[in-house]
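Chemist: With the sequence up front, the predicted model follows.
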Amino acid sequence: MLYPIAISMGDDKHAWGVEVPDIPGCFSAGDDLDEAMAMAREAIEGHFEILAEDGSPIPSANTVTLHAANPQYAGCTWALVDIDVTRYLGKAQKLNITLPGYLLNRIDEYVLHHPEEKSRSGFLASAALKVLQQGR
């Protein structure tokens, strides 16, 4: 899932600040832009580990467009951090399902051209998570 991060530029006396609007209390910093983005990934993953331990839901990601319209983030630079949220949803369980051949072929074709999905299972988990988060 792609999580938008709001980046506040640093200078000679201040670090680059990063806030993750979709995850309350999740922020970080770095000495330069690259380090700030790397630290944002660590902050997100750390938050998700705690949420998973507590059995709390993993927040869904909104769009950069939505957050950029918020005056609180005026002047921020935006980036996206790709986080595999399935790691925080519990232990994998094997499942036997039946799908029409045409649909299965379309899924395989999509996965072939979108390596971020990694597999059929990854695609199906990602699609299910999107639908379930929209229904909140």
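Modeler: Looks like it arrived, so ask away. Numbers count the residues shown, from 1 in each chain.

Chemist: The longest helix seen in the chain: which residues count as buried?
Modeler: Looking across the chain with DSSP state H, the single longest helix is helix 33-54. Residues of helix 33-54 classed as buried by neighbour count (16 or more other Cβ atoms under 10 Å): Glu35, Ala36, Met37, Met39, Ala40, Arg41, Ala43, Ile44, His47, Phe48, Ala52. Just so you know, the C-beta spots here come from the backbone N, C-alpha and C atoms, and that holds for glycine as well.

Chemist: do the same with stretch 122-131
Modeler: Gly122, Phe123, Leu124, Ala125, Ser126, Leu129.

Chemist: Columns distance to Pro115 and secondary structure on top of the residues you listed, output as a markdown table?
Modeler: Shown next, in a markdown table, are the buried residues of stretch 122-131 (distance: Cβ to Cβ, whole Å; DSSP: H, G, I helix; E, B strand; the rest coil):
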| residue | distance to Pro115 | secondary structure |
| --- | --- | --- |
| Gly122 | 10 | helix |
| Phe123 | 11 | helix |
| Leu124 | 16 | helix |
| Ala125 | 15 | helix |
| Ser126 | 13 | helix |
| Leu129 | 18 | helix |
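
Chemist: ok so, going back, tabulate the buried residues of helix 33-54 (TSV), appending distance to Val64.
Modeler: Formatted as TSV, these follow (distance: Cβ to Cβ, whole Å):
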residue	distance to Val64
Glu35	21
Ala36	16
Met37	14
Met39	19
Ala40	14
Arg41	17
Ala43	18
Ile44	15
His47	19
Phe48	20
Ala52	25
